[in-house]
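Student: what follows is a predicted structure for the sequence shown.
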Amino acid sequence: MIENWLAQRIQPDGAPLDERARSAWGKAASGMGIVCNALLFAGKMAVGLVSGSVAITADAFNNLSDASSSVVSLLGFKMADKPADAEHPYGHGRYEYLSGLMVAVMILVIGVELMKTSVGKILHPQSVAFSWPLMLVLVCSIAVKLWMSAFNRKIGRRIGSKTLTATADDSRNDVIATAVVLLATVVGHLTGLQLDGWLGAAVAAFILFSGFMLVKDTIDPLLGGAADAQQVERIRKRIMSYPGVLGTHDLIVHDYGPGRQFASVHVEMDAQQDPFESHDLIDNIERDFFEQEKLHLVIHYDPIAVGDPRIRMMREFISGIVACIHPEMSIHDLRIVPGPTHVNVVFDCIVPYEVKLEGEDIRKRIARVVQAEYPNYYCVIKLEHSFTGK
């Protein structure tokens, strides 16, 4: 219901998800988090003070920290909105990643504090006070946090935001933690068993694991993680769909924040084709990617001697050799340079990171097979890794 109401104001009549709309969604979700967590803090704090329950008071401050996390998310979306300037020509989109990282770190801090409290309760068990107002507040808190988790996750997926995904996981963790307090209180009231310490330790371990994975997910784009495999394949297939394109390699994608990506790629085309026509096609590809995907793509033109049967034969032969070393290995930019005593076969070879062979070993393996078939052919090989992680 709320999402539909927001959609009518942010993206009316199916408007596209541009940077303005994406930022508006993020700010709306963050603002909702501030309001909901502030109300939960006020309600739990009031009941905790009246009942004297330490557990509910601690949970109230947990909601206060969640409200601060939403403030961090809101600031992240607002800072990411800043336009590019002379000091930051690629924009400020990575502020959103930074805010997501801060939320993930806050989750880790909460997990550590919950683990300390739980270990203390295991070593020194204490009965949990039971009251119906306390139960009502906990049940309402679970319901609100369930809705917040689903809301943030749905919006996060809609706009591709790691910050909102982290916030959704935080709300889910709060549901589990509060449910444990509720369960321990009921079991303790009915049976006298004090389980809240052990259950709290289990929840803390889950929260710590969740926080660690969130830190990894949010820090990867800041460190320059490999491009998404589906995006890489989509870019390659689309480039290959243009007539005259024979192949692509050396695709690099730089991520400066959601919706702010830059890429470069080498495109192979027939060397006999009119260079003006090749240049015109490259211009069209670059323009289409920017207009339709907002991807700033720069293409390097690689002419291929399609009509030379020696190059075609040698390329197929060496491609088979490297595929035997590892199925994901490939070659490109192969050329043949004849001389008075021997022939140089010059090419680049892409080696996946999982290949543990030394570079010199790879060169010797390839050269040995080539010279066994063509004794006067010497291989000049440049080894490189793929920037797409494949």
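Tutor: Perfect, I can see it now.
Student: contacting residues around the nearest residue to residue 31 once chain neighbours are set aside?
Tutor: Spatial nearest neighbour of residue 31, excluding adjacent residues (Cβ to Cβ, 6 or more residues apart in numbering): residue 74 at 6.4 Å. Backbone N, C-alpha and C define where each C-beta goes, glycine included. Residue 74 makes contact with 26, 27, 30, 31, 34 under the criterion Cβ atoms under 8 Å, 6 or more residues apart in numbering.
Student: do the same with residue 32
Tutor: By Cβ under 8 Å, 6+ apart, the contact set of residue 32 is 2, 70, 148, 151.
Student: over to residue 350?
Tutor: Residue 350 sits next to 249, 329, 330, 331, 332, 384, 385, 386 when contact means Cβ under 8 Å, 6+ apart.
Student: got phi/psi on it?
Tutor: phi -90, psi 120 (degrees, to the nearest 10).
Student: confidence score at it?
Tutor: As predicted, residue 350 sits at a pLDDT of 93.
Student: ok, it to residue 319 distance?
Tutor: Distance of residue 350 to residue 319, computed by Cβ to Cβ, to the nearest Å: 11 Å.
Student: hey, what's in contact with both of these two?
Tutor: Shared contacts of residue 350 and residue 319 (Cβ under 8 Å, 6+ apart): 330, 331.
Student: right, and residue 91 touches residue 260 too?
Tutor: Yes: look at residue 91 against residue 260 with Cβ atoms under 8 Å: they come within range, at 5.0 Å.
Student: sorry, back to before: buried subset of the contacts of residue 74?
Tutor: 26, 27, 30, 34 (16 or more other Cβ atoms under 10 Å).
Student: sorry, back to before: three-state assignment of the residue nearest to residue 31?
Tutor: helix (DSSP: H, G, I helix; E, B strand; the rest coil).
Student: just the pLDDT at it, thanks.
Tutor: Predicted confidence (pLDDT) for residue 74: 87.
Student: nearest to residue 298 among the buried ones among the contacts of residue 74?
Tutor: Residue 298 has its nearest neighbour among the buried ones among the contacts of residue 74 in residue 26, at 28.8 Å by Cβ to Cβ.
Student: touching, that closest one and residue 161? I think so.
Tutor: Yes: taking Cβ under 8 Å as the definition, residue 26 is a contact partner of residue 161 at 5.9 Å.
Student: overlap of the contact sets of these two?
Tutor: Residues touching both residue 26 and residue 161 by Cβ under 8 Å, 6+ apart: 96, 155.
Student: ranges for the helices of the stretch 151-300 of the chain?
Tutor: In the stretch 151-300 of the chain, helices defined by DSSP state H, counting those that start in this stretch lie at 162-191, 196-223, 229-240, 275-293, listed in chain order.
Student: for residue 66, find the nearest of those helices.
Tutor: It's helix 162-191; of these, that one is closest to residue 66 (Cβ to Cβ) at 6.4 Å.
Student: which one is residue 200 nearest to, not counting chain neighbours?
Tutor: Leaving aside its chain neighbours, residue 200 sits nearest to residue 118 (3.3 Å; criterion: Cβ to Cβ, 6+ apart).
Student: is the one you found within a helix or a strand, and which one?
Tutor: Following DSSP states H and E, one finds residue 118 within helix 94-123.
Student: how far is that helix from where the chain is centred?
Tutor: 20 Å (Cα atoms, centre = their mean, to the nearest Å).
Student: residue 207 contacts residue 174, correct?
Tutor: No: the criterion here is Cβ under 8 Å, and residue 207 misses it with residue 174 at 9.3 Å.
Student: sec struct for residue 356, please.
Tutor: coil.
Student: from what I can see residue 351 touches residue 383, true?
Tutor: Yes: under the criterion of Cβ under 8 Å, residue 351 makes contact with residue 383 at 5.4 Å.
Student: which of those two has more neighbours?
Tutor: The neighbour count for residue 351 versus residue 383, taken as other Cβ atoms under 10 Å, is higher for residue 351 (19 against 16).
Student: what's the overlap in contacts for residue 351 and residue 383?
Tutor: Shared contacts of residue 351 and residue 383, defined by Cβ under 8 Å, 6+ apart, comprise 359, 362.
Student: isn't residue 156 right up against residue 164?
Tutor: Yes: counting by Cβ under 8 Å, residue 156 does reach residue 164; the two are 3.3 Å apart.
Student: the two: which has the busier surroundings?
Tutor: When residue 156 and residue 164 are compared on other Cβ under 10 Å, the one with more neighbours turns out to be residue 164, at 28 against 22.
Student: what's near enough to touch the more buried one?
Tutor: By Cβ under 8 Å, 6+ apart, the residues touching residue 164 are 26, 29, 73, 152, 153, 155, 156.
Student: where are the low-confidence patches of the stretch 101-250 of the chain?
Tutor: Scanning the stretch 101-250 of the chain for pLDDT under 70 picks out 126-130, 192, 196.
Student: who is residue 269 paired with across the strands?
Tutor: Counting by DSSP bridges, residue 269 forms beta bridges with residue 245, residue 303.
Student: surely it touches residue 244?
Tutor: Yes: counting by Cβ under 8 Å, residue 269 touches residue 244, with 5.7 Å between them.
Student: right, I'll leave it there.
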